[in-house]
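Q: fold the following and give me the result.
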Amino acid sequence: MDITAEQLRPRRLDPLGAGQHAENEQLRAAGPAALVELPGGVVVWAIARHDTLQELLADPRVAKSAEHWSLFREGRLPEGWPLMTFITVPGMTTSDGTDHRRLRGLVSQALTPRRIAALAPAIEQLVAELLDGVAAADGAVDLRSAFAYPLPMHVIGTFLGLSKDEQDRLHELSNTVVSSSATPGAGAAAARELNALLAGVVAAKRAEPADDLTTALIAAREEQDRLSEAELIGTLLQLVVAGHETTLNLICNAVRALLTHPEQLRLVLDGEVGWSAVVEETLRWDSPVGQFPMRYATEDIRLGDLVIRAGEAMLASYAAAGRDADHYPEADRFDLTREARHLSLGHGPHFCIGSALARLEAETALRELFARFPGLRLAEGEEPKPIASFVSNSISSLRVHTS
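A: Residues are numbered from 1 along each chain as shown. You can find the predicted model right below:
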């Protein structure tokens, strides 16, 4: 007998993102797909098991454009739904087929392996400057705001030709856009300001072209007519969000994991494993992305007795898949010696286009941080709060002492 969404009672996901790993254990136990309720009573499937998620991420019957979601297509999503902008902004993460290949191809021209490798000296210099600031702090310092945030934000900001003020405001607004706990309408208001801000950046670059990715995308829009104006703004927005939020969370999660697992930290400091192992195991064990919205079934998909109907939506539950005991032995254990073949950077046609850059930034940041502060330790006191979103999986602050 087929089991469909109508026959199941959905589990409500905590919009504040509290206790994600315990919540994910329940999702994995529910089967290859778990029915969940999002803010506003929106019901979707969460794909929390590694093998099922890997299969669906590459399945041609799974799409990224919201036009395939019956609730969206029929206008049945709540007004002011927090994740509306996240799923509708035009760009790589919300497109399929030839549109996706076209948009991805334009961005990939700027993110070539050679160009990323050439960034290494500049990233090392920026890391050193940021660590000088950390060293000058009096008492405990919030490593998230003082180090983990400005590094990837500056790198993607330089790529796009953004000023420091623009970078900071874009960060604030992007946090609201990806939040699952924003008040109704807050996401839409943030999106409007984001669009206006990025439209201003585009206008400035049109007036004074520069050697940056924004200017290159404008050229693709105006000279080759390969980008619509909405796609241009949407692509910039997605690059800003994806270009810093994931790496920011990754660095924080890795530092916290190492400081709470001193035996694992000793392995890397003694040279028994490399910093790349820290990055990969952190991506598996504490993925910087919890639940990534949204994918859509374009036809019925059978998962054992479960059937995801055409027009239904799915969350890619990256943090849950990373601790799937059916795929990883002792999945809950942070272990730098394991082969961590994770899904946290995606799989299939939508695999993270900036993965090499994120890895370079994180490895450099971690290596130089612990070389500079071998006595780094967590500040005592209140347990850090999670980011108030089930999309992000990290903590809102990371207070440490450097000696």
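Q: let's test this: name the helix or strand in the protein with the lowest mean pLDDT.
A: Lowest by mean pLDDT, DSSP states H and E among the helices and strands of the chain is helix 213-222, with a mean of 83.
Q: so which elements touch it?
A: With contacts defined as 3 or more CB pairs under 8 Å, 6 or more residues apart in numbering; DSSP states H and E, helix 213-222 has these neighbours: helix 97-108, helix 150-160, helix 186-207, helix 229-260. Glycine gets a C-beta too; all of them are placed from N, C-alpha and C.
Q: of all these, which one is nearest Glu339?
A: Of all the helices and strands packed on helix 213-222, it is helix 229-260 that lies closest to Glu339, at 17.4 Å by CB to CB.
Q: ok, then the element right after that closest one?
A: Scanning forward in sequence from helix 229-260 by DSSP states H and E, the next helix or strand is helix 262-269.
Q: could you tell me the angle between the following helix or strand past that next one and helix 229-260?
A: Next helix or strand after helix 262-269 toward the C-terminus (DSSP H and E): helix 275-285. On the basis of axes from the mean of the first three to the mean of the last three CA atoms, to 10 degrees, helix 275-285 is oriented at 100 degrees to helix 229-260.
Q: change the start of the numbering to 454 and stick with it
A: Understood, numbering begins at 454; the last thing we discussed is helix 728-738.
Q: tell me which residue lies nearest the centroid of the chain.
A: Relative to the mean C-alpha position of the chain, the nearest C-alpha, by CA atoms, centre = their mean, is the one of Thr699, at 4.0 Å.
Q: check contacts around that one.
A: Contacts for Thr699 (CB atoms under 8 Å, 6 or more residues apart in numbering) come out as 741-742, 805, 811.
Q: what about the residues you listed, which are in helices?
A: Ala811 (DSSP state H).
Q: just curious, which of the contacts of Thr699 is nearest to Asp777?
A: The closest of the contacts of Thr699 to Asp777 turns out to be Val742 (CB to CB; 15.5 Å).
Q: which residues does that closest one bridge with?
A: Ser845 (DSSP bridges).
Q: still on that earlier bit, can you put the helices and strands packed on helix 666-675 in a markdown table and add distance to Pro839 and mean pLDDT?
A: Converted to a markdown table, these look like this (distance: least, CB to CB, whole Å; pLDDT from 0 to 100):
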| stretch | distance to Pro839 | mean pLDDT |
| --- | --- | --- |
| helix 550-561 | 30 | 91 |
| helix 603-613 | 20 | 91 |
| helix 639-660 | 19 | 89 |
| helix 682-713 | 11 | 93 |
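Q: want to try a markdown table for the ones you listed, with distance to Ile456 as columns?
A: Output for these, formatted as a markdown table (distance: least, CB to CB, whole Å):
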| stretch | distance to Ile456 |
| --- | --- |
| helix 550-561 | 30 |
| helix 603-613 | 42 |
| helix 639-660 | 33 |
| helix 682-713 | 34 |
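Q: to Ser627, which of those helices lies closest?
A: helix 682-713 (4.5 Å).
Q: buried residues, that closest one. List them.
A: 684-712 (16 or more other CB atoms under 10 Å).
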